[in-house]
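J.: sequence unavailable; structure follows:
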């Protein structure tokens with residue numbers, strides 16, 4: 001996003017609500033701080049306010065941001081808990097059985113399937129993100145393969 005903003009002369013980044021920035025207080029505050037470092041003003045539609053007014057940081061914005069990000073984190077935690085309870089109830093009723101036994105691929109099978117990623121990780125000085133872009137895989141796939149490789153190297 002920062003690249004797009006700089007290329008297109010944007011000075012204000014708008015979010016509909018605090019929970020759209022992040023689900024954890026620390027994430028929200030870090031993202032807003034990063035945007036401020038890039039000389040960007042943040043506008044949050046939820047409380048119709050800008051983070052900078054007349055070139056100065058808006059302290060009311062900062063206070064609301066912190067309080068509402070705490071609320072967003074609490075709501076996310078409650079959602080996870082309700083989901084966990086729902087799964088437990090469904091399991092008790094025999095409706096939900098979880099992942100089918102044997103459907104999870106072994107570490108060896110994953111490394112074999114993604115041998116090209118293994119080669120890039122072991123023989124390149126590129127970051128995992130750059131490797132993913134270069135060879136056309138999702139970044140999470142490259143990270144998963146790297147995690148498996150690290151776990152194997154730790155065991156040996």
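T.: Yes, it's here. Keep in mind it's a predicted model, so treat the numbers as computed, not measured.
J.: quick one: the closest residue to residue 25 other than its chain neighbours from residue 131, how far?
T.: Nearest non-adjacent residue to residue 25, counting by Cβ to Cβ, 6 or more residues apart in numbering: residue 69, 4.6 Å away. In this view, the C-beta of every residue, glycine as well, is placed from N, C-alpha and C. Residue 69 sits at a distance of 33 Å from residue 131 (criterion: Cβ to Cβ, to the nearest Å).
J.: now do the contacts for residue 33.
T.: Listed by Cβ atoms under 8 Å, 6 or more residues apart in numbering, the contact set of residue 33 is empty.
J.: which SSE is it in?
T.: Per DSSP states H and E: residue 33 is located in helix 25-37.
J.: tell me what the helix or strand that comes right after that helix is packed against?
T.: Scanning forward in sequence from helix 25-37 by DSSP H and E, the next helix or strand is strand 41-44. Applying 3 or more Cβ pairs under 8 Å, 6 or more residues apart in numbering; DSSP states H and E, one finds that strand 41-44 makes contact with strand 12-15, helix 25-37, strand 49-50, helix 59-93.
J.: number of nearby residues for residue 49?
T.: Per other Cβ atoms under 10 Å, the neighbour tally for residue 49 reads 15.
J.: so it bridges to which residues?
T.: Following DSSP bridges, residue 49 is listed with bridge partners residue 44.
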